[in-house]
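Asks: fold the following.
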Amino acid sequence: MAEGINKKSVPLTHPTHVQDIIAAPLEENDIELFMSNLGDYVNAASVPSIRHIQFLFYLSLFPPAAPLKPSPLFLLKRLLACHSPVTLSVASPVPSYGSQVPVYANWHVDTGIQMERQTMKLLKRCRAGVWDLFWVSVEEEDKVVSDTAWELIGWCVELWEKDQAESEDSFSALFVAQLGGPSPDLAKDNASSIVDITRCAFEESGASLSQMRRIELAARMFALLINATTVSPPRFHPPSLSLTFLPLFRSALGPEHISMFLSILQPRTPHYVLAHIYTIALEELAGCRISRARSRKLRGSTDDFDYSFGALAPPTVTFLLGDLLLLPPRPDQDNRMAVIKLALVGIMLGQYPGAEAWLVSPDTLERLKETNPDSIIITLLQHALH
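Replies: This next block holds a predicted model:
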């Protein structure tokens with residue numbers, strides 16, 4: 001069992017004769033009766049077989065024309081209420097690192113049963129883990145979330161959050177297991193699937209979930225990612241965290257979407273982590289991130305950040321006022337930089353309310369006015385007057 005995973009006792013899988021009773025209708029492709037049978041055996045005493053849970057995944061993604069009662073998501077939520085996330089996670093695809101058949105797909109397919117054939121076909125495409133369940137096509141470079149996948153994404157987020165809440169290590173090992181990296185034994189460094197899901201959350205969709213609900217799910221995934229980065233030792237590579245956010249700030253989201261996303265993410269995230277991410281984002285949008293990273297590496301410790309917070313340190317107030325807020329946007333940038341500056345100022349004012357550095361000189365104030373919209377200057381002046 002992977003490190004950090006909650007080690008509650010695992011209930012027994014449905015005995016073979018019960019599995020046979022549940023699955024018998026599938027020989028006639030009677031999905032409605034299969035769902036009814038399965039619903040009769042959802043309880044805390046035992047858990048469905050891996051394939052039966054995976055049938056629920058498939059049916060939630062590819063529902064029949066007539067609505068099923070009970071619905072696949074209803075049964076998945078009942079299972080999550082009855083059982084630990086670890087118990088259910090064995091049915092979820094995880095990233096493949098070798099040529100061996102993964103545990104989640106290691107069951108015999110009866111080619112005469114359509115549900116088994118279709119489900120196994122879906123599982124075999126999941127080389128990158130559970131994320132590959134969600135895409136319209138795994139072959140496309142620019143991934144698009146299927147309209148029917150959002151509710152299953154929501155269920156996965158609930159599973160990971162429950163796993164995190166039950167874990168002694170304050171992060172979800174099940175979520176971390178879904179992230180990309182050089183090997184399963186090293187800190188993960190690739191969360192591009194979460195970026196793709198976040199981008200899709202803001203697009204027009206025929207999904208049953210509202211746009212706000214989709215955006216909330218994306219923010220909750222980023223909160224899980226941040227949690228996995230801030231534990232000791234980090235399970236997600238800290239420098240990779242800021243890099244994961246950059247595509248959202250650069251082009252994936254417009255300014256109004258950035259503002260909406262950050263307003264949802266901020267209450268779920270340590271202030272210093274977001275302040276660090278905003279700092280790197282501003283340097284990226286100003287076109288100086290890489291050169292400054294090289295310079296800091298050569299100089300060693302600098303006064304730009306408050307390193308008492310560790311690797312994901314927030315900027316100092318002096319650096320914020322004397323540098324970050326003076327950064328001009330590149331000609332091709334819209335006002336997304338102003339949105340991030342205002343969010344960063346709000347965090348810093350809340351965390352360092354009495355810092356003497358807020359008392360800027362008239363010359364500095366004039367320079368700030370030249371490169372920032374009125375909203376930021378007014379916020380700073382109101383703070384200085386109080």
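
Asks: hey, where'd the helices end up in the stretch 201-350 of the chain?
Replies: With DSSP state H, counting those that start in this stretch as the criterion, the stretch 201-350 of the chain has helices at 211-230, 238-247, 255-265, 271-285, 289-299, 317-322, 336-351.

Asks: which elements pack onto the fifth one?
Replies: Same thing as helix 289-299. On a contact count with 3 or more CB pairs under 8 Å, 6 or more residues apart in numbering; DSSP states H and E, helix 289-299 meets helix 271-285. C-beta: built from backbone N, CA, C; applies to glycine.

Asks: pull out the buried residues from the helix it packs on.
Replies: Residues of helix 271-285 classed as buried: 272-285 (neighbour count, 16 or more other CB atoms under 10 Å).

Asks: can you check stretch 66-76 too?
Replies: Buried residues in stretch 66-76 (16+ other CB under 10 Å): 68, 71, 72, 73, 74, 75, 76.

Asks: and the second one, how close does it get to residue 160?
Replies: Applying CB to CB, to the nearest Å, one obtains 21 Å for the distance of residue 71 from residue 160.

Asks: tell me how many other residues crowd residue 256.
Replies: Residues near residue 256, counting by other CB atoms under 10 Å, number 12.

Asks: err, residue 252, not the other one
Replies: 17.

Asks: state the pLDDT value of it.
Replies: Note for residue 252: predicted pLDDT of 73.

Asks: for the closest residue to it other than its chain neighbours, give its distance to residue 322.
Replies: In space, residue 252 comes closest to residue 199 once its chain neighbours are excluded; the distance is 4.4 Å by CB to CB, 6 or more residues apart in numbering. Separation of residue 199 from residue 322 (CB to CB): 34 Å.

Asks: kindly report the same for residue 47.
Replies: 58 Å.

Asks: the two: who's more crowded?
Replies: The residue with more neighbours, out of residue 47 and residue 322, is residue 47; 24 against 15, by other CB under 10 Å.

Asks: in the sheet, who's paired with the more buried one?
Replies: In this structure, residue 47 bridges to residue 13 when assessed by DSSP bridges.

Asks: please look at it and residue 86 and confirm they touch.
Replies: No - in this structure, residue 47 is not within contact of residue 86 by CB atoms under 8 Å, at 10.8 Å.

Asks: identify the contacts common to these two.
Replies: Counting by CB atoms under 8 Å, 6 or more residues apart in numbering, the common neighbours of residue 47 and residue 86 are residue 10.

Asks: number of nearby residues for residue 81?
Replies: Neighbour tally, residue 81, other CB under 10 Å: 11.

Asks: next: residue 366.
Replies: 10.

Asks: give me the pLDDT value at it.
Replies: pLDDT at residue 366 comes out at 85.

Asks: shouldn't it be within a strand?
Replies: No - counting by DSSP: H, G, I helix; E, B strand; the rest coil, residue 366 is not found in a strand; it is helix.

Asks: look up how far residue 360 lies from it.
Replies: In terms of CB to CB, residue 366 sits 10 Å off from residue 360.

Asks: using CSV, write out the CA atom coordinates for whichever strand or helix holds residue 20.
Replies: Element membership of residue 20 [criterion: DSSP states H and E] is helix 16-23. Once non-C-alpha atoms are left out, helix 16-23 reads as follows in CSV (Å, rounded to 0.1, in the frame of the first residue of the first chain):
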residue,chain,number,x,y,z
THR,A,16,-18.8,-14.8,-6.4
HIS,A,17,-22.4,-15.9,-6.2
VAL,A,18,-23.5,-12.4,-5.4
GLN,A,19,-21.4,-11.0,-8.3
ASP,A,20,-23.1,-13.6,-10.6
ILE,A,21,-26.6,-12.5,-9.4
ILE,A,22,-25.8,-8.8,-10.0
ALA,A,23,-24.3,-9.3,-13.4
